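>>> The sequence isn't on hand, but the structure is:
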């Protein structure tokens, strides 16, 4: 494209933008306070979530303990004595449900995880140590603004909430020295 055509195109774009801006500013809609950007979709939203913690272990159940006094390493199975379930939680009201939170975070924050008495894992315990497994989840925490936005883009019923979201079932083997 030659320089003359480029200049003419730039002038045309600038002129069109100025005419459009002037027409919108002088329009009856602008005089009534109606935004030229258009209407919003009325919905609940979880705005700007910020991660507070990532993959922190939360213990749900503790397996059986074994104290090793055999003089050698021993492998034993640490079994769960009770069934437990955990899901996502929120420290406030969520009038629009979990949908806006799940959408904003990009995963199912209200997922549920369970450990049952039929599940157990083996571990090796050294001599003069006690060993056991802890059964739980790794979870994330987020804080953000949960608010209703109406069709005119006005916000109402908003509050900052903290979401605690389990991500994975996790087993942590524990040991401690005993005399």
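Received, thanks. All figures in this text were calculated on a predicted structure; none of them were measured in a lab.
>>> Just the pLDDT for the spatially most central residue of the chain.
Nearest to the geometric centre of the chain sits residue 105, at 4.5 Å (C-alpha atoms, centre = their mean). As predicted, residue 105 sits at a pLDDT of 98.
>>> what's it in contact with, if anything?
Residue 105 sits next to 46, 49, 142, 163, 165 when contact means C-beta atoms under 8 Å, 6 or more residues apart in numbering. In this view, the C-beta of every residue, glycine as well, is placed from N, C-alpha and C.
>>> Which of these sits closest to residue 85?
Relative to residue 85, the closest of those is residue 165; by C-beta to C-beta it sits at 14.8 Å.
>>> Look up the residues forming beta bridges with the closest one.
Judged by DSSP bridges, the bridge partners of residue 165 are residue 140.
>>> Residue 86 too?
Counting by DSSP bridges, residue 86 is bridged to residue 113.
>>> Residue 60 is in contact with that one, correct?
Yes: if you go by C-beta atoms under 8 Å, residue 86 and residue 60 touch, sitting 5.7 Å apart.
>>> Mutual contacts of those two, please.
Common contacts of residue 86 and residue 60, defined by C-beta under 8 Å, 6+ apart, comprise 136-137.
>>> do you know how far the spatially closest residue to residue 83 that is not a sequence neighbour is from residue 79?
Counting by C-beta to C-beta, 6 or more residues apart in numbering, residue 116 is the residue found nearest to residue 83 once chain neighbours are left out, at 4.7 Å. Distance, residue 116 to residue 79, using C-beta to C-beta, to the nearest Å: 11 Å.
>>> and what of residue 155?
Here the criterion is C-beta to C-beta. By it, residue 155 lies 51 Å from residue 79.
>>> One more: residue 149?
Distance from residue 149 to residue 79, by C-beta to C-beta: 50 Å.
>>> For the chain, which segments are assigned as strands?
Using DSSP state E, the strands of the chain run over 43-62, 66-68, 74-79, 84-86, 89-90, 113-115, 120-125, 129-149, 155-177.
>>> nearest to residue 101, of those?
Going by C-beta to C-beta, the one of the strands of the chain nearest residue 101 is strand 43-62, 4.7 Å.
>>> Can you give the strand pairings for the closest one, parallel or anti for each?
By DSSP bridges, strand 43-62 pairs with strand 129-149 (antiparallel).
>>> quick one, the strand it pairs with and strand 74-79 angle?
On the basis of axes from the mean of the first three to the mean of the last three C-alpha atoms, to 10 degrees, strand 129-149 is oriented at 40 degrees to strand 74-79.
>>> domain ranges for the chain?
Using automatic domain parsing, the domain ranges for the chain come out as 1-38, 39-177.
>>> right, so those: which one is the most enclosed?
Mean neighbours per residue, mean count of other C-beta atoms under 10 Å, is largest over the domains of the chain for domain 39-177, with a mean of 15.
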